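>>> Would you be able to build a 3D model of this:
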Amino acid sequence: MKLLLFVIFVFVAPKSLAQFGTEQLIGTDAALPVVVTVADIDGDGYPDVISGARSTNGVSWYKNLDGQGSFGSLQLIVDLSEIYGVSTADLDGDGDIDILVSDTYQDKVLWIENLDGAGTFGPPKIIDNNADNVNDAIGVDLDRDGDLDILAAIDQQNTAAWYENLDGLGSFSARNLISSNLLGCRSVFAADIDNDGDLDVVANSANTVTISWFENLDGQGNFGSQNIVAGQAAYVADVFCADIDGDGDMDIMGCTNGDDRVAWHENLDGQGTFGPQRVVTNEALQCTSVFCADLDNDGDVDVLYGSTESAIVENSEIAWSENLDGLGNFGPKQVIGNELKLTRAVCAADIDGDTDMDVFAASQNNNKLVWYENYMILGVMDNSLRNLRVSPNPSSDKIFIDSKNESIEEIVVYDIFGKRLFSEERDVKELDISHLQNGLYFLQITTHNGSLIKKILKN
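Have a look, this model is predicted:
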């Protein structure tokens with residue numbers, strides 16, 4: 001009977017492999033939530049959920065109790081208001097996850113230390129107390145010294161800036177200016193745009209409706225002049241970088257909530273020369289958040305986004321569009337959930353340990369944090385490979401592939417943004433990952449019977 005169902009799915013199911021379950025509530029205690037992100041806060045191997053909110057319980061986390069997406073009650077990290085940005089990073093190099101906060105009300109960039117690796121947090125530490133309406137702050141290594149610096153978008157100062165982690169322990173420098181010509185800068189992203197081995201910076205400019213990038217000239221955090229990717233038709237709300245077309249370089253995805261559009265720009269030469277806007281959808285109503293991930297486990301990068309009918313009506317959705325061919329040609333909008341009220345943030349992560357990407361949303365006006373399980377539809381070929389094993393996982397140097405009687409034709413390694421890193425061919429039994437930076441990666445394993453995706457962690 002199971003085999004018959006698999007055959008029916010192969011020939012009858014739509015091309016899309018990602019099928020999402022109904023809304024599952026994480027919590028409603030964070031008032032006016034505008035941020036949702038996922039990381040293992042307590043070091044138990046299960047990813048937890050972190051929220052940022054505009055009112056009470058400003059920065060909080062929810063424990064993943066069983067590794068299957070059953071969440072505990074809200075645990076307060078710090079009770080601040082008007083929090084527009086929350087991200088996670090190991091800022092003090094002790095192997096656990098700390099919290100980085102954009103405090104828009106107090107105009108501060110803050111970080112909060114995870115004291116014991118189990119989710120006991122210390123008091124906020126000020127990085128910048130004059131960041132007027134800071135909207136976004138993320139941890140990235142901009143000077144290639146092995147620790148995480150901070151990149152920030154400061155709205156009212158029209159600024160993208162960074163702060164050096166001076167000692168790897170979370171002592172930060174004064175502000176290093178990247179640009180003060182970004183009117184209404186609210187979103188930043190770090191990626192190697194020109195393929196020279198260091199991280200460049202992509203930023204939005206809401207008031208001049210542009211997306212720009214800045215070259216890291218020397219790998220030390222000295223940035224070049226503004227390179228305008230394109231002027232947009234309306235308010236640029238969010239930017240994200242990923243290899244959309246599978247050519248090995250980083251493209252730019254963005255959303256413009258003035259014209260309800262999600263679109264991307266191709267990195268034409270791998271050096272930061274970008275093509276014109278390529279529309280994914282014009283049905284992302286008043287979109288304020290985009291997130292790129294492989295939602296259907298086919299080895300390419302899809303896009304997840306929010307959609308809100310109007311600020312008055314408030315009826316909102318979380319939706320996605322499939323990358324149909326791995327080249328950046330996207331299918332229609334597919335609604336995942338529609339019981340939200342002003343979708344402010346979306347993201348994707350494997351919350352239940354089944355190797356596919358589940359999705360999350362912050363619904364501001366009914367105080368909901370929710371997730372939707374990704375139910376993968378397996379084809380006959382995928383079913384025949386379900387016993388393939390990869391170990392040890394996590395690993396610091398080599399992983400071994402036990403393929404039983406399957407002969408592996410190729411293994412392709414991708415990072416979390418869908419960028420192809422390297423591959424091995426012909427009866428692969430082991431894979432050297434010692435040269436990779438610590439983090440999450442995906443293996444696309446192909447045999448004569450088909451292919452599947454495995455998730456690995458380099459530590």
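
>>> Mind splitting this structure into its structural domains?
Listed by the TED database, the domain ranges of the chain are 24-372, 389-458.

>>> would you list these in CSV and tack on mean neighbour count?
(Each C-beta comes from the backbone N, C-alpha and C, glycine too.) As requested, these are exported to CSV (neighbours: other C-beta atoms under 10 Å):
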stretch, mean neighbour count
domain 24-372, 20
domain 389-458, 16
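
>>> any chance of those in a markdown table, plus mean pLDDT?
Formatted as a markdown table, these follow (pLDDT from 0 to 100):
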| stretch | mean pLDDT |
| --- | --- |
| domain 24-372 | 95 |
| domain 389-458 | 84 |
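
>>> Surely S180 and A153 touch.
No - with contacts counted by C-beta atoms under 8 Å, S180 stays clear of A153, the gap being 12.0 Å.

>>> Please identify every residue contacting each of the two.
Shared contacts of S180 and A153, defined by C-beta atoms under 8 Å, 6 or more residues apart in numbering, comprise T159.

>>> Can you tell me how far the residue nearest to D432 when sequence neighbours are not counted is from I445?
Computed as C-beta to C-beta, 6 or more residues apart in numbering, the closest residue to D432 that is not its neighbour in sequence is K398, at 5.5 Å. According to C-beta to C-beta, to the nearest Å, K398 and I445 sit 16 Å apart.

>>> V239 now?
Going from V239 to I445 by C-beta to C-beta gives 32 Å.

>>> what's the answer for P394, then?
Taken as C-beta to C-beta, the span from P394 to I445 is 18 Å.

>>> Same question for G95.
Distance, G95 to I445, by C-beta to C-beta: 29 Å.

>>> And for I178?
40 Å.

>>> Check the secondary structure at Q156 for me.
With DSSP: H, G, I helix; E, B strand; the rest coil as the basis, Q156 sits in helix.

>>> unless I'm mixing things up, it is touching N133, no?
Yes - counting by C-beta under 8 Å, Q156 touches N133, with 4.0 Å between them.

>>> The stretch 301-450 of the chain: strands as residue ranges?
Counting by DSSP state E, counting those that start in this stretch, the segments of the stretch 301-450 of the chain that form strands are 302-308, 315-321, 334-341, 343-349, 358-363, 368-372, 374-376, 389-391, 398-402, 408-415, 420-425, 430-432, 439-447, 450-458.

>>> can I get the ones you listed in TSV with distance to L285?
As requested, the strands of the stretch 301-450 of the chain are exported to TSV (distance: least, C-beta to C-beta, whole Å):
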stretch	distance to L285
strand 302-308	5
strand 315-321	8
strand 334-341	12
strand 343-349	10
strand 358-363	14
strand 368-372	18
strand 374-376	23
strand 389-391	41
strand 398-402	43
strand 408-415	31
strand 420-425	33
strand 430-432	44
strand 439-447	31
strand 450-458	32
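
>>> Nearest to A118 among those would be which one?
A118 lies closest to strand 450-458 among the strands of the stretch 301-450 of the chain, at 19.2 Å (C-beta to C-beta).

>>> which other helices and strands contact the closest one?
Applying 3 or more C-beta pairs under 8 Å, 6 or more residues apart in numbering; DSSP states H and E, we find strand 450-458 packed against helix 380-384, strand 439-447.

>>> 10 Å - rerun?
Counting contacts by 3 or more C-beta pairs under 10 Å, 6 or more residues apart in numbering; DSSP states H and E, strand 450-458 packs against helix 380-384, strand 389-391, strand 398-402, strand 408-415, strand 439-447.

>>> ok, I445 - contacts?
Each residue near I445 by C-beta atoms under 10 Å, 6 or more residues apart in numbering is listed here: 385, 388, 390, 401, 403, 406, 408-412, 428, 431, 451-454.

>>> got it, and L80?
Listed by C-beta under 10 Å, 6+ apart, the contact partners of L80 are 52-54, 56-59, 101, 103-106, 108, 110, 124.

>>> thinking again about what came up before, what do Q156 and N133 both touch?
Common neighbours of Q156 and N133 (criterion: C-beta under 10 Å, 6+ apart): T104, D107, G184, C185.

>>> Might one say that the first one is in contact with L110?
Spelled out, that is T104. No - with contact defined as C-beta atoms under 10 Å, T104 does not reach L110; the gap is 11.4 Å.
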